[in-house]
Every structure is written in C-alpha cells, then in structure tokens.
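Colleague: Sequence and predicted model, in that order:
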Amino acid sequence: MRILLTNDDGIDARGLRELAAALEGLGEIWIVAPDLEQSAASHALTLRDPLRVRHHDERVFSISGTPTDCVLVAVRGIRGVLEPHPDLVVSGINHGPNMGDDVTYSGTVAAALEGRLLGLPSIAFSNTNWNPEHLDSSGQIARQIVSHMIDAGPHPARLLNVNLPDLPRDEIRGLRATRLGVRVYRDEIVAKVDPRGRPYYWIGGDPPEWVKDDESDFGAVSAGYVSITPLQTDWTDDADLEALRGWENDLAGTSHRA
C-alpha cells in the first residue's frame, strides 16, 4: 500500500507533519506538497511556468506549484521515483475548515479531487480551527478513517471530505455522514491606496454564516462530531437537464445567418 500525502498549507505545515506521523505503519508514506502555502488555490494547474521539484528526504518532495500540480506530478511525473503510482491520496490536515460551498475554493479538497480524477480513492482532512490546538486528535481520527478506507478494499470512485472539530479526542462525540452545507457569504471589496497613490483591493467583510441544517457538515461539526461527506466529480444538475431538453425542440431547425 502506497499512500500519497499532500496539502495546500505547504511542505512545512504542522498538519501535514501530524498526518504523516499518524498514518505511519499503514503503508509506504510519500509526501509531495507545495513549497509555499496555496490556500484557496482550488483546482488550479500551473501551465505558464515550469515546475521545480525539490527532494527533501526519503519519499519527501516539494513542488513550486499548486496542490493539484503536486498530485498530478506525483502520479504521472516523477519518473523512476514514485512508480508504480500510489494506491491512495490523502490531503491535509488543513488548518481551517473546508465545508459546504467552500469546497469549490479549497486547495485541500482539490488535491483529493485530482487523485480521484486520476482513478485513485482520495480523502481530504481539515481541522476546523485556523490555528489548531488539537492536531494530535485530528491525526488519530484521520488514521481510523484511512484504516477503514483501506479495509473496505479498492473503490477508485471514492472521494471523501472530512472536517474535524478542534477538540481533544475524548470530547469528540463521534462521526456523522453528512451532506455539504450552505454558506451565506458577506464578502466586501475593500479599496485602499498605496503610498504611491495606486489603488489596491482586499477581499474582506463580515464572517460568513451558515444555513442551519443538522444533516450538513457544518451542523455535525457544530455539535462536536467529525463530518465525513462523500463527493462526486459529476456536477450535472439532473433535474435541470430534463428542463433543458425542452430547448432542443425550440432550437430545432433554427438557421444561422450572417
């Protein structure tokens, strides 16, 4: 069993070190992570610049790119090193939550998504505190979940998003299978002027709120549970697909004229 670890907080992040230590003994651990923090990088690929790979230690590498770059290069690019490819991709442990609509921005989730697109079962782990105090607890639970994933056998379509309350292990109430929550954003664009008179902008605003839903990831974490949410790569809205089929007849026979 080869387990590829990555993240979006960078090669030196505490969460990545805790994850590597927690999973020791479950398989051959490889780390390929960004050389710098890549939070909110989403599923970006680096296409206009070369990627530099640095070898830090046995089976530990950093890459001058995004979390998605790291997984793609690890699986397809580091020839003669990580071959055959990993059996499982694990991303995290992120410093901060990745729940609800925020998964679309998350580099942590995107790394796991890239693993899934490459045909590998993948898990993203996030501690819901931006400055975690109980990463050891998160690591213990991550080990349990990864063990379950391994024991369940091959399931290349499985993509899991796990959010862990920042609590001591004995205060975590259990695990809940959840859906993604809905977040109410209150972003504002704050305009300022630098000392040379040039305008610049910050994305700011009040902290977002969540729509109350006990079945959601946010609802579970708020109640002291670990949230585990299965994700899928097919974003097709099947209900709206049926409605759009009515457009087919409306447009049939329509000619395009210059």
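Modeller: All right, it came through fine.

Colleague: So what does Glu24 look like in phi/psi?
Modeller: Glu24 adopts backbone torsions of phi -60, psi 130, taken as degrees, to the nearest 10.

Colleague: actually Glu18, not the one I typed
Modeller: The phi/psi pair for Glu18 (degrees, to the nearest 10) is phi -60, psi -40.

Colleague: Please tell me how far it sits from Val75.
Modeller: Between Glu18 and Val75 the computed distance is 24 Å (CB to CB, to the nearest Å). Where you see a C-beta, it was placed from the backbone N, CA and C, and this is true even at glycine.

Colleague: now Asn7
Modeller: Taking CB to CB, one finds Asn7 at 16 Å from Val75.

Colleague: quick one: which of those two has more around it?
Modeller: Asn7 (31 against 21; other CB atoms under 10 Å).

Colleague: Low-confidence ranges, the stretch 101-250 of the chain, go.
Modeller: Regions of the stretch 101-250 of the chain meeting the criterion pLDDT under 70 cover residues 187, 205-208.

Colleague: for it, what spans make up the helices?
Modeller: Secondary structure of the stretch 101-250 of the chain (DSSP state H, counting those that start in this stretch): helices at 107-117, 135-151, 217-222, 238-251.

Colleague: So what touches the longest one?
Modeller: By CB atoms under 8 Å, 6 or more residues apart in numbering, the residues outside helix 135-151 that reach it are 1, 3, 14-15, 18-19, 21-23, 26-27, 88, 90, 92-93, 121, 123, 125, 127, 132, 155, 158, 160, 162, 164, 166-169, 172, 175, 226, 228.

Colleague: Just the buried positions in that helix, please.
Modeller: Leu135, Ser137, Ser138, Gly139, Ile141, Ala142, Arg143, Ile145, Val146, Met149, Ile150 (16 or more other CB atoms under 10 Å).

Colleague: May I have it as CSV, with CA atoms only?
Modeller: Extracted C-alpha coordinates of helix 135-151, given in CSV (Å, rounded to 0.1, in the frame of the first residue of the first chain):
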residue,chain,number,x,y,z
LEU,A,135,-3.9,18.3,15.6
ASP,A,136,-2.9,15.2,17.5
SER,A,137,-6.6,14.4,18.0
SER,A,138,-7.2,15.1,14.3
GLY,A,139,-4.4,12.7,13.4
GLN,A,140,-5.8,9.9,15.5
ILE,A,141,-9.1,10.2,13.8
ALA,A,142,-7.5,10.5,10.3
ARG,A,143,-5.7,7.2,11.0
GLN,A,144,-9.0,5.5,11.9
ILE,A,145,-10.7,6.7,8.7
VAL,A,146,-7.8,5.9,6.4
SER,A,147,-7.7,2.4,8.0
HIS,A,148,-11.4,2.0,7.2
MET,A,149,-10.8,3.1,3.7
ILE,A,150,-8.0,0.5,3.3
ASP,A,151,-10.0,-2.3,4.9
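
Colleague: hey, where'd the strands end up in the chain?
Modeller: If DSSP state E is used as the criterion, the strands of the chain fall at 2-6, 28-34, 53-57, 60-63, 88-95, 122-127, 159-164, 174-177, 183-184, 187-193, 199-205, 209-210, 225-230.
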